[in-house]
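Trainee: What would the 3D arrangement of this be:
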Amino acid sequence: MSAPVLEAASSVVGSVGGLVAMAAGAILVVLVVIGANLWLRWQRIRASRPRFEPNTVEATPAYRRYLVAAAWAGGSTRNWDHSVRPVLAELVELALADRHPTGGDPRAEARELLGPELWALVDREVKRSEDRTTPGAGRDALLRILDRVEEQ
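Mentor: Numbering: from 1, shown residues only. Model (predicted):
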């Protein structure tokens, strides 16, 4: 083989080796970025998990649902009707059913216990509002309802 052909062949081999080295470096960078991203996500997930003791009330999904509903109590009328009212009606019915296991109409008992003003905030039959501008009943009303049910 002549010298120019050997030079061309070694130039091609050198450039292929350079391309292989660049590809290996790029793959390494991609793997490091993916690994760092996964590690950061895992740290964020691990830090955001609430620390509840297992087999406690706080660890149940229902308890967390009640907390979320209570948080919406200070919002609009729509927030109350869509988030607070269903959960509150469920709690009132459960509390009254627990106290009066013999039967009867729990809705009538709740209506009598709460009075017309507070019952209107709990009654599932009331049409849901879509008004996001009017303030809802508020946390004070929620606390008054819960206090009435607890007193009974």
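
Trainee: So, low pLDDT: which residues of this protein?
Mentor: Under the criterion of pLDDT under 70, the regions of the chain flagged as low confidence span 1-14, 49-50, 101, 103.

Trainee: Let me see the ranges of the helices in it.
Mentor: Counting by DSSP state H, the chain has these helices, from start to end: 3-48, 61-71, 77-79, 85-99, 106-122, 139-151.

Trainee: check contacts around the nearest residue to residue 141 once chain neighbours are set aside.
Mentor: The shortest distance from residue 141 to any residue other than its chain neighbours is 5.7 Å, reached at residue 121 (C-beta to C-beta, 6 or more residues apart in numbering). Quick note: C-beta positions are derived from backbone N, CA and C, even for glycine. Contacts here follow C-beta atoms under 8 Å, 6 or more residues apart in numbering; on that basis residue 121 touches 80, 85, 88, 137, 141, 145.

Trainee: For residue 121, give its distance to residue 144.
Mentor: Counting by C-beta to C-beta, to the nearest Å, the gap from residue 121 to residue 144 is 9 Å.

Trainee: and which of the contacts of residue 121 is nearest residue 51?
Mentor: Lowest distance from residue 51 to those (C-beta to C-beta) belongs to residue 88, with 27.6 Å.

Trainee: Kindly tell me how buried the nearest residue to the closest one once chain neighbours are set aside is, as a neighbour count.
Mentor: Of all residues not flanking residue 88 in the chain, residue 122 sits nearest, at 5.5 Å (C-beta to C-beta, 6+ apart). When neighbours are defined as other C-beta atoms under 10 Å, residue 122 has 26 of them.

Trainee: for residue 122, what are its contacts?
Mentor: 85, 88, 89, 92, 110, 114, 145.

Trainee: In stretch 100-118, which residues are buried?
Mentor: 106, 107, 109, 110, 111, 113, 114, 118 (16 or more other C-beta atoms under 10 Å).

Trainee: For residue 60, give me phi and psi.
Mentor: Main-chain dihedrals, residue 60, degrees, to the nearest 10: phi -90, psi 150.
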